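Trainee: output the structure for:
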Amino acid sequence: MFIDTHVHLNADQYWENDLQDVIQRALDAKVERMIVIGFDEVTIKRAMQLVDDYDFIYAVIGWHPVDAIDCTDAYLQWIEELAQHPKVVGIGETGLDYYWDKSPKDIQQHWFRKQIQLAKKLNLPIIIHNRDATGDVVRILEEENAKDVGGIMHCYGGSVETARRCIDMNFMISLGGPVTFKNARQPKEVATEIPLEHLLIETDAPYLTPHPYRGKRNEPSYVTLVAEEIARLKELSVEEVAAATTANALKFFKIS
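Mentor: This is a model prediction of the structure:
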């Protein structure tokens, strides 16, 4: 069994087209649980609909750093209320994104801190989006004592050293499609060096499609390709990687 710990089944690419077929292909590939991420008003509403419609789908809800400029206290209050649902298993994705310039850095950092504080209030883990902002992400996690609830470094692309620093804060390291790319030196090093007990697998579908489908729409059934590459790098069987990352996810998200 596999668990895709970060997928956007609530994205327009599925929602308005072939969502049922995508879900069925995942189940056929033994991806038996999926964690759907809601990161703005529309995708949060869709995530909540999915968890009610499918017993094997769970939700993480929060506000994406790219759209931090659109966040309000009212939205955070709404997220807090929705997070009482028993199938909401985390807060996010939140964090910092310095690649896109829609939201100023200080605004991103403000709402990042507020969501860490909310996660601690709710005793839920935090799912971290980080793009070109590693120093500030790690510093803020440390300053806000995020280790109290821990979380996931989603689609991790940083160094082994930073991964270990995050693990010391009670964070899991999640690898996605980029670990399969031929030139992805750091994700491959992380997959090799970080013990399996600290790893999760994800797709971030419909984005970041793994090799050999790179450039096409990603989907949760492809999480098996991520597991295969980790298995190759660690010289383990795919079954061992599937079993370990599934056990990690069930324990981390407190899913029975």
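
Trainee: biggest helix in the chain, by residue count?
Mentor: helix 105-122 (DSSP state H).

Trainee: any idea how far that one is from the chain center?
Mentor: The chain centroid and the centroid of helix 105-122 are separated by 17 Å under C-alpha atoms, centre = their mean, to the nearest Å.

Trainee: which other helices and strands contact it?
Mentor: helix 73-82, strand 88-97, strand 126-131, helix 134-143 (3 or more C-beta pairs under 8 Å, 6 or more residues apart in numbering; DSSP states H and E). For every residue, glycine as well, the C-beta is placed using N, CA and C.

Trainee: show me where the protein has its helices.
Mentor: With helices called from DSSP H, the chain shows them at 12-15, 19-28, 41-53, 73-82, 105-122, 134-143, 160-167, 185-193, 223-234, 238-252.

Trainee: any idea which of the ones you listed gets closest to residue 1?
Mentor: If you check each of these against residue 1 by C-beta to C-beta, helix 238-252 wins as the nearest, at 5.2 Å.

Trainee: in CSV, list the C-alpha atoms belonging to the closest one.
Mentor: C-alpha atoms of helix 238-252 as CSV (Å, rounded to 0.1, in the frame of the first residue of the first chain):
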residue,chain,number,x,y,z
VAL,A,238,9.8,-1.1,-3.4
GLU,A,239,7.7,-3.1,-0.9
GLU,A,240,10.0,-2.1,1.9
VAL,A,241,9.8,1.6,1.0
ALA,A,242,6.0,1.4,0.6
ALA,A,243,5.6,-0.3,3.9
ALA,A,244,7.9,2.1,5.8
THR,A,245,6.5,5.4,4.2
THR,A,246,2.9,4.2,4.7
ALA,A,247,3.6,3.4,8.4
ASN,A,248,5.3,6.8,8.8
ALA,A,249,2.3,8.6,7.2
LEU,A,250,-0.3,6.7,9.3
LYS,A,251,1.6,7.4,12.5
PHE,A,252,2.3,11.1,11.6
